[in-house]
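In: got a structure for you, letters missing:
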């Protein structure tokens with residue numbers, strides 16, 4: 001998976017289309033730009049805590065618009081298991 005950060009064995013935060021309904025086996029999907037930023041922020045050993053809610057949820061959570069990228073199909077499986085998913089910078 002592009003920009004994959006493992007937070008538990010076999011569970012990752014990674015790039016993927018953010019669907020408004022469950023469509024994962026436990027991973028957390030982020031939009032492309034956010035996934036890349038997050039990936040660059042963490043190093044091996046960075047503590048990651050997954051919480052059901054955050055304080056910000058009460059203030060801004062309901063106002064956030066759902067991304068529309070889920071209307072696009074998932075990338076080809078060949079892209080998800082190769083370096084082809086990453087842009088050469």
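Out: Okay, I see it. For clarity, every value in this text was computed on a predicted model and none was experimentally measured.
In: Distance check, residue 48 against residue 4.
Out: Here the distance between residue 48 and residue 4 works out to 12 Å (CB to CB, to the nearest Å). C-beta: built from backbone N, CA, C; applies to glycine.
In: what do these two both touch?
Out: Between them, residue 48 and residue 4 have residue 13 as joint contacts when contacts are counted by CB atoms under 8 Å, 6 or more residues apart in numbering.
In: Could you report the pLDDT at the closest residue to residue 50 other than its chain neighbours?
Out: Beyond its immediate neighbours in the sequence, the residue positioned closest to residue 50 (CB to CB, 6 or more residues apart in numbering) is residue 7, lying 6.6 Å away. Listed pLDDT for residue 7 reads 85.
In: What of residue 36?
Out: In this model, residue 36 is scored at 92, pLDDT.
In: Does it touch residue 15 like I think?
Out: Yes - using CB atoms under 8 Å, residue 36 makes contact with residue 15 at a distance of 7.5 Å.
In: quick one, which of these two is more surrounded?
Out: Neighbours of residue 36 and residue 15, each counted by other CB atoms under 10 Å, are more numerous for residue 15; the result is 24 against 16.
In: OK, contacts around the more buried one?
Out: Neighbouring residues of residue 15 by CB under 8 Å, 6+ apart: 1-3, 29-32, 35-36, 85.
In: From the residues you listed, which land in helices?
Out: The helices in this structure, assigned by DSSP state H, contain 32, 35-36 from those.
In: With respect to residue 55, which of these is nearest?
Out: residue 35 (23.3 Å; CB to CB).
In: Is it correct that that closest one is in contact with residue 3?
Out: Yes - contact criterion CB under 8 Å: residue 35 and residue 3 qualify, at 4.1 Å.
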